[in-house]
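Student: below are the sequence and a predicted model; questions follow.
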Amino acid sequence: MPQEAHVRVATGCKFLVLVQDNKDTTTPTVTVLERDDTPPRAALPRSPTNTHTYRVSAFIDTLKPARGVRFNLAWSYGDYLTDVPVRLGRNVALDAAADALVTACDRFSAPRADHSHRFLAKYVEAVRTLRLCLDDQATATTSETLCAVMLLLICQIFVPGTRDSRTSHSEGAAQIYRYRGQLQARDEFERKLIRTLRGPVLFEALFNPNISLTEQEWDALVGCNLADSSLEGKMILCLARGASLMRRGGFVLDPQRWNHDRPFCPHLEYEARVVRSDYLPVLTSLRDRFYAIDETALRQSSNSELVADLQHCHSLRTYGLALFVGIVLNYIVCVAAGNILEIVQESQRYAEEIILLARVGARYRPVGASLFGICLAAASVVSSNAETKAIAKELEIEYDRELSEVYVYN
């Protein structure tokens, strides 16, 4: 299914971005219609009439195509973001979270010496305001409060030193989902939110034992509507099946125990091997799709640097994520069956390939390639080669540092 992103700006301009798997070719189709060529935010004079007007205008600025793949939030973190501006002013938690996220993005266009202090102050205030909303039954389970959690998940990426934390807003998002019960989405905005929520909760659950949903809740959140024909859908479905096995085995991914003193769950061996076997053709197809891209031809045929970057970055990130999923599923097999030389060597190859992709993806840092942080972390842990491990760790630190340092948009 295509992902659509509509953004309306103050002048009434509109753009539409489509990222769609093309059954007739090996690469996804990326289209930008009515492209908005408004200059970046630093060049826009703004005369806000009040705080709300400024907040809406500033948030819209983070979504404009002129920011490019490196800095555009919606193209990296979900198309639900394009619906946020019209919902500002309804919920204090969402307003505070939006303020924090806009301040985090200020470094891209208007860096200031006190940026870190200003951002952390806004972030702390947003967390405080969210807690107040969660204590109120009338606001705790609204889509705006859930959206506030999602915005704080993005903000957390920009907070130094939080990547290794086991407690994140994904845990809170999972709890909100549980408190809501298995209610149907109330509108398209909430459908987008829940669809986007699956990813952060699933990835957090791989590492965080505090995310403990029942089998029924887990299937409803992660497994529902993912069994589609797209390669991305199949990839996430296999990862969800792996996460379900981990829940049944009572273990999570622990970097400290990855190669030594890890749990042993032989009763999961058959199912773990089946999931891995089902996933290998998906990984092969994603690999073929990525390496089939001819960047020169892509840029000539698209007649747009932006469209070419979107298509290349999409395939790059998807394949990098696919290698990460391969590492996770291999780990689960080793937990169930012990170290198997073939699988250990395969994971080493995945780690080496992640390093190659991360170097290519450096052009899309900091936001466009932020996904590689978790991929490099897995590569550095799983690698059986000291040199590969050191390179992966060094690149991971570089990616993390770029997310928390000041950049000038150009």
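Tutor: All right, it came through fine. Computed from a predicted model, the values in this text were never measured in an experiment.
Student: flag the shaky bits of the stretch 1-150 of the chain, pLDDT-wise.
Tutor: 1-49, 109-113 (pLDDT under 70).
Student: and the strands in it?
Tutor: 3-8, 14-20, 29-33 (DSSP state E, counting those that start in this stretch).
Student: quick check: the residue nearest to the spatial centre of the chain vs F71, distance?
Tutor: By CA atoms, centre = their mean, the chain has its centre lying nearest to Y77, at 5.3 Å. Separation of Y77 from F71 (CB to CB, to the nearest Å) stands at 12 Å. The C-beta positions use only the backbone N, C-alpha and C, and glycine is treated the same way.
Student: ok, now Y331?
Tutor: From Y331 to F71 the distance is 34 Å (CB to CB).
Student: which helix or which strand is home to F324?
Tutor: Element membership for F324 (DSSP states H and E) is helix 305-337.
Student: which SSE is immediately downstream of that helix?
Tutor: Counting by DSSP H and E, what follows helix 305-337 is helix 341-361.
Student: quick one: buried residues of that next one?
Tutor: 343, 346-348, 350-355, 357-358, 360-361 (16 or more other CB atoms under 10 Å).
Student: before we move on, what about stretch 315-322?
Tutor: 315-322.
Student: same deal with stretch 205-212?
Tutor: 205-208, 211.
Student: now, which of those lie within helices?
Tutor: 205-207 (DSSP state H).
Student: give me the nearest residue to L245, chain neighbours excluded.
Tutor: L268 (5.3 Å; CB to CB, 6 or more residues apart in numbering).
Student: I figured that neighbour hits C334, correct?
Tutor: No: between L268 and C334 there is no contact under CB atoms under 8 Å: 11.1 Å.
Student: surely R359 touches L395?
Tutor: Yes: taking CB under 8 Å as the definition, R359 is a contact partner of L395 at 7.4 Å.
Student: residues in contact with G326?
Tutor: Going by CB atoms under 8 Å, 6 or more residues apart in numbering, G326 touches 279, 283, 346-347, 350.
Student: where do the strands of the stretch 151-300 of the chain begin and end?
Tutor: Going by DSSP E, counting those that start in this stretch, the stretch 151-300 of the chain shows no strands.
Student: where in it is pLDDT low?
Tutor: For the stretch 151-300 of the chain, the ranges with pLDDT under 70 are 161-168, 177-184, 215, 218-228.
Student: next, the angle helix 341-361 makes with the strand or helix carrying D400.
Tutor: In the assignment (DSSP H and E), D400 maps to helix 386-404. If you take axes from the mean of the first three to the mean of the last three CA atoms, to 10 degrees, helix 386-404 sits at 40 degrees to helix 341-361.
Student: just the mean pLDDT for helix 386-404, thanks.
Tutor: Here helix 386-404 scores 90 as its mean pLDDT.
Student: residues in contact with that helix?
Tutor: 116, 157-160, 163, 348, 351-352, 354-355, 358-359, 365-367, 369-370, 372-373, 376-377, 379-381, 383.
Student: of the residues you listed, buried ones?
Tutor: Counted by 16+ other CB under 10 Å, those give 116, 157-159, 163, 348, 351-352, 354-355, 358, 365-367, 369-370, 372-373, 376-377, 379-381, 383 as buried.
Student: among those residues, which ones are in helices?
Tutor: 116, 157, 348, 351-352, 354-355, 358, 372-373, 376-377, 379-381.
Student: taking those together, which two end up most distant?
Tutor: Pairwise distances across these (CB to CB) peak at 37.5 Å, for the pair S116 and Q348.
Student: rewinding a little: ok, so of the ones in helices among the buried ones among the contacts of helix 386-404, who is nearest A292?
Tutor: The nearest one, if we look at those relative to A292 and count by CB to CB, is I354, at 19.2 Å.
Student: so what's P255 up against?
Tutor: 377, 381.
Student: quick one: the helices in the stretch 151-300 of the chain, in order.
Tutor: 169-180, 188-207, 215-218, 231-249, 269-291, 295-302 (DSSP state H, counting those that start in this stretch).
Student: ok, and what's touching the longest one?
Tutor: Around helix 269-291, the neighbours that count as contacts under CB under 8 Å, 6+ apart are 26-27, 231, 234-235, 238, 241-242, 245, 315-316, 318-319, 322-323, 325-326, 329-330, 332-333, 335-337.
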